[in-house]
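Undergrad: give me coordinates for this.
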Amino acid sequence: MKRLFIMLLTLSGCIGTDIIDDEMEEKIVIDNPITSLKVGESHQFSAKYFNNIGQEENVVFVWTSSDESVISIENSGLATALTPGTATLSVLAKGIATSVEVTAGDETSGGVEQRSATLQTVSSYPLSGDVTLKKGSNGLILEFADNFNTTSALPGLYVYLSNNANTTNGALEVAKVAKFSGAQSYEITATSDLFEYNIVLFYCKPFVVPVGNGTLNP
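TA: As a prediction, the model looks like this:
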């Protein structure tokens, strides 16, 4: 009887944090940004558009440069460095935009090899710390920093890569969390695309309840 009471208490605690509204802000992500481009060379930029429920959509992108005399860019996303200087390259679709500042100079550099996020709770359960998603030899690696902390009171805490902070629909399940504090890492072989997902999501899987998340940057 005592065990049943504890289980019911755990269940009611999880349900109390549930989020019904799955909508989120639309987002554009440049998935191969650079910080500098060698004069005389070109770089093919590409982008992804995520709608208000975190699903990727095929849309028509419009690319622009703040200074076409420094770096020109075609609507296909092909940028060419023409003269030394700095330009802001922007991409627009469905009324939202994002941009990256690029310097035209002596070398091409700044390709993204990893993305990071700071975790925050959205529930009554603690969740904090930093995580890093980086390229590995067989896909990606998700690393928790030393400052990672949550609670062992959750009946089944899983980590996902997602594009929606409120649901695991369309998300990639990474693993059940092995330790509730401290550094640890998880190998991901289902994808090697560093920009396919934008959110690290923690879920109380048995009761389908979000615990917390972190948005990956850049």
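Undergrad: what count of nearby residues applies to P126?
TA: 14 (other C-beta atoms under 10 Å). Heads up, the C-betas are built off the backbone N, CA and C, glycines and all.
Undergrad: quick check: it is in a strand.
TA: No. Secondary structure of P126 (DSSP: H, G, I helix; E, B strand; the rest coil): coil, not part of a strand.
Undergrad: V122 and A165 touch, don't they?
TA: Yes. Between V122 and A165 there is a contact at 7.3 Å, judged by C-beta atoms under 8 Å.
Undergrad: list residues touching both of these two?
TA: P210, N213 (C-beta atoms under 8 Å, 6 or more residues apart in numbering).
Undergrad: so between the two, which is more surrounded?
TA: Using other C-beta under 10 Å as the criterion, V122 and A165 rank with A165 on top: 21 against 17.
Undergrad: tell me which element the more buried one falls in.
TA: Counting by DSSP states H and E, no helix or strand carries A165.
Undergrad: next, it: phi, psi?
TA: phi -80, psi -10 (degrees, to the nearest 10).
Undergrad: same check, this time on F148
TA: Taking degrees, to the nearest 10 as the convention, F148 sits at phi -60, psi 140.
Undergrad: surely it and A183 touch.
TA: Yes. If you go by C-beta under 8 Å, F148 and A183 touch, sitting 7.1 Å apart.
Undergrad: between these two, which one's more packed in?
TA: When F148 and A183 are compared for neighbours, F148 comes out ahead with 20 against 12, by other C-beta under 10 Å.
Undergrad: show the contacting residues for that one.
TA: L119, S128, G129, D130, V131, S181, G182, A183, Q184.
Undergrad: so the second one versus N164, what's the distance?
TA: Just to be clear, that refers to S128. According to C-beta to C-beta, to the nearest Å, S128 and N164 sit 21 Å apart.
Undergrad: who has more neighbours out of these two?
TA: Remark: of S128 and N164, N164 carries more neighbours, 25 against 15, as counted by other C-beta under 10 Å.
Undergrad: ok, how many other residues are close to the closest residue in space to the more buried one that isn't next to it in sequence?
TA: Closest residue in space to N164, ignoring its immediate chain neighbours: G54 at 3.2 Å, by C-beta to C-beta, 6 or more residues apart in numbering. A total of 24 residues lie near G54 under the criterion other C-beta under 10 Å.
Undergrad: next one: T150
TA: 22.
Undergrad: same question, S46
TA: 14.
Undergrad: show the contacting residues for it.
TA: I30, D31, N32, G77.
Undergrad: mind checking which of the residues you listed are buried?
TA: I30, G77 (16 or more other C-beta atoms under 10 Å).
Undergrad: what is the nearest of the contacts of S46 to A153?
TA: Relative to A153, the closest of these is D31; by C-beta to C-beta it sits at 37.4 Å.
Undergrad: from V208, how far out is the residue nearest to the closest one when sequence neighbours are not counted?
TA: In space, and not counting its chain neighbours, D31 is closest to F195: 3.5 Å by C-beta to C-beta, 6+ apart. From F195 over to V208 the distance is 27 Å, taken as C-beta to C-beta.
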